[in-house]
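**Student:** I'd like to go over a predicted model; first the sequence, then the structure.
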Amino acid sequence: MKSGINNILIFYIGALGDTLVSVPLFKKIRQVCPKAEITILSEQFQKKTVRPSQILNGTGLIDKFISYKVSKSRFESFFLKIPLYFKLLKSKYDIVIYLVPSVRAPTQIARDKLFFKLIFPKEMLGFKGPFFKSCRTSEKPLPNLKHESELVLKRFQNTPLEILKLKLDDFAISVSEENRSDCDEWFYALSISSGKLLITVGIGAEMASKRWPVDNYINVLEQLISKYDLYPIFLGGPEDRQICKDLSDKLGRGWVAAGDLNIQSSIEIMKKCLFYLGNDTGTMHMAVSAGLPCVAIFSARDYPGKWYPFGENHKVFRNQIDCQGCMLVDCESMDCLNNIAAKNVFEGCCEILEMVQNNQKT
């Protein structure tokens, strides 16, 4: 990176999980340029999608957030970008950092590169691969990819933003005193004593093709409650609240925090739990940020490995089937998820719980 970097623009695409797996790079940028003004440019998401500002505000990592409208029409999209272009040009950014998912088409990369060149930054980073094709490919079985954060960081090798070895602590975000207080008040209001064994449960997911059947969760949780006297805390978005409440009612115990608190306060709640049980969703990446081991249930819609919880001491359940890599949002058969047995997931939870309890003794 050239000297005199005072104004940084990060072009970012993604929602909750994408933001959390990018935290190590946000930290590195702030470390390398402690006095620079750092701005994130991202798409204007649907109302229910978690925005980067909801996660990173107050962490000291990002100073400003800019969003822009997108359209399926190329013609409309072009005209929507005109006022954005002049706004960015006026800001005179010293450097543009290209922080997009590892699956990106060459035509998209070339288009983006041209757009950002035209705002005349001193330097542009992150435009060189590796990038991957979409899963919708004839290559079967799908290769086991490295974690998404590692794939993204490869694009910054041999630059000041290089991170030689990722650690679990790199994914932790600072939580404000206000958010910690909100967490404490939530526990106090529900009279949740510190002596209870708590676990985080995330049964929701934005895509139906990622949701393991609720009956399976009932099966696993009933066994965990019977064997260990555990208490589940259900986390997720406001759209998950009712199904979490129904599940809690069926179990006869547990508390629903889905939709009650913001992201940082929810992560603080997780820190009081023993482990995470749930689907491949943003809530799982929140658990990683909180330092929890995960029992994670994955569909086969995407590359294996890419979105797994970072680090060791996790249990991941994923079936390799003929239609893997479909990238479907909705699936009629759900064979990849339906064939994951509740018995195996329960046993995985037992292994994780015993590991956690043994670590607490040492």
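**Tutor:** Received the coordinates, thanks.
**Student:** low-scoring stretches of this structure, by residue?
**Tutor:** For the chain, applying pLDDT under 70 flags the ranges 1-3, 45-47, 136-139.
**Student:** mind checking how far the helix ranked longest in it is from the chain centre?
**Tutor:** In the chain, assigned by DSSP state H, the helix with the most residues is helix 342-361. Relative to its chain's centre, helix 342-361 lies at 23 Å (Cα atoms, centre = their mean, to the nearest Å).
**Student:** check which residues of it are buried.
**Tutor:** Neighbour counts over helix 342-361 (16 or more other Cβ atoms under 10 Å) mark 342, 345-346, 348-350, 352-353, 356 as buried. Every C-beta, even on glycine, is put in place using the N, C-alpha and C of the backbone.
**Student:** that helix packs against which elements?
**Tutor:** The contact analysis (3 or more Cβ pairs under 8 Å, 6 or more residues apart in numbering; DSSP states H and E) places helix 342-361 against helix 214-228, strand 294-298, strand 315-318.
**Student:** just name the most buried of the ones you listed.
**Tutor:** Most buried of the helices and strands packed on helix 342-361 by mean neighbour count (mean count of other Cβ atoms under 10 Å) is strand 294-298; its value is a mean of 26.
**Student:** hmm, who's touching that one?
**Tutor:** Strand 294-298 is contacted by residues 210, 212, 275-280, 284, 287-288, 304, 307-309, 314-318, 337, 340, 345, 348-349, 352 when judged by Cβ atoms under 8 Å, 6 or more residues apart in numbering.
**Student:** tabulate the helices and strands packed on helix 342-361 (TSV), appending distance to residue 329.
**Tutor:** Below are the helices and strands packed on helix 342-361 laid out as TSV (distance: least, Cβ to Cβ, whole Å):
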stretch	distance to residue 329
helix 214-228	19
strand 294-298	15
strand 315-318	18
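**Student:** in three-state terms, label residue 160 for me.
**Tutor:** coil (DSSP: H, G, I helix; E, B strand; the rest coil).
**Student:** pull the number of nearby residues for residue 244.
**Tutor:** Using other Cβ atoms under 10 Å as the criterion, residue 244 is surrounded by 25 other residues.
**Student:** mind checking which helix or strand it is in?
**Tutor:** helix 241-251 (DSSP states H and E).
**Student:** ends of stretch 299-311, how far apart?
**Tutor:** 20 Å (Cα to Cα, to the nearest Å).
**Student:** distance between that stretch and the chain's centre?
**Tutor:** 12 Å.
**Student:** what residues of that stretch count as buried?
**Tutor:** So for stretch 299-311, counting by 16+ other Cβ under 10 Å, buried means 299-311.
**Student:** kindly report the same for stretch 244-264.
**Tutor:** Buried, per 16+ other Cβ under 10 Å, within stretch 244-264: 244, 247-248, 251, 254-258, 260-264.
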